[in-house]
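Undergrad: please work out how this folds:
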Amino acid sequence: MRIKIYLTAMLLAGAALTSTARADVISYSDSVPLQSTNFNSSVTLPLFDPSIGILEKVTLKLTGHVEGAAKFESLDSEPATVEMELAAQITLQRPDLSTLVVTLPLVMTSDDVGAFDGMIDFGGTSGRTYANLMASQLEIFMTMDPGDLALFTGVGNIVLPVVALGASTGSGAGNLLLQFNTSAAADVTVCYQYIPEPATAGLLAGGLIFFARRRKNRA
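TA: Numbers count the residues shown, from 1 in each chain. Got it, this is the predicted structure:
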């Protein structure tokens, strides 16, 4: 009976300690609403609370979204193939403005058009107009750098700047009129991978051993 008690206590204590060795993940999100580029904004995210464990890795997920309109008119005297990209460069930064992660959502168009038809109307045989273009792109940044782990650890929140620049372009004709209306948005998620605080497991193990000793003394 004594042997069984000791073995049970040791096995349960070992299981409790082993369970704390696994990595847990906690996540938080914030977003920047759709607005015209170029803009400087920010997201606010809770810091990792060191009282719940030891931070091992920080993962940042940046989803950039671009939408808007694009139009062109070829003024060439010959046919041309005109390509456009409606795009935005969205950058998530540390508080010191150094770059964490960048995403470049874009949507492309390609059109074969004739020589300039004499009308600058972004249509007809020498122009095109595209409305309601949109695209999204996800980029992920993971870090175990001690400096970044310290940056994201503490009490309260961290404010991360978000910068969105219009990056729309067009090409294909030597004489080309382009017009873009570009808006962008951003969704940011931070994931904290950590080892849970082992104090609870230690208390459990201590209680089991105390229980075993008490049973032994009674025997």
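
Undergrad: now for the spatially closest residue to Leu178 that is not a sequence neighbour, how many residues are close by?
TA: Among residues not flanking Leu178 along the chain, Gly170 sits closest, at 4.4 Å (C-beta to C-beta, 6 or more residues apart in numbering). To be clear about C-beta, it is placed using only N, CA and C from the backbone, and glycine gets the same treatment. Neighbours of Gly170 under the rule other C-beta atoms under 10 Å: 19.

Undergrad: and what of Thr44?
TA: Neighbourhood size, Thr44 [other C-beta under 10 Å]: 12.

Undergrad: name the element it belongs to?
TA: Taking DSSP states H and E as the definition, one finds Thr44 inside strand 39-46.

Undergrad: buried residues in the helix or strand following that strand?
TA: Counting by DSSP H and E, the next helix or strand C-terminal to strand 39-46 is strand 53-74. For strand 53-74, a neighbour-count test (16 or more other C-beta atoms under 10 Å) marks 53, 55, 57-58, 60-74 as buried.

Undergrad: check stretch 171-180 too.
TA: 172-173, 176-178, 180.

Undergrad: what do you get for stretch 99-119?
TA: Buried residues in stretch 99-119 (16+ other C-beta under 10 Å): 100-107, 109, 111, 113, 116.

Undergrad: among these, which pair sits farthest apart?
TA: Maximum pairwise distance among the buried residues of stretch 99-119 (C-beta to C-beta): 45.7 Å, between Leu100 and Phe116.

Undergrad: contacting residues for the nearest residue to Thr109 once chain neighbours are set aside?
TA: Nearest residue to Thr109, sequence neighbours excluded (C-beta to C-beta, 6+ apart): Met84, at 4.8 Å. Counting by C-beta atoms under 8 Å, 6 or more residues apart in numbering, Met84 touches 70, 72, 108-109, 130, 168-170, 178.

Undergrad: 6 Å instead, please
TA: Going by C-beta atoms under 6 Å, 6 or more residues apart in numbering, Met84 touches 70, 109, 170.
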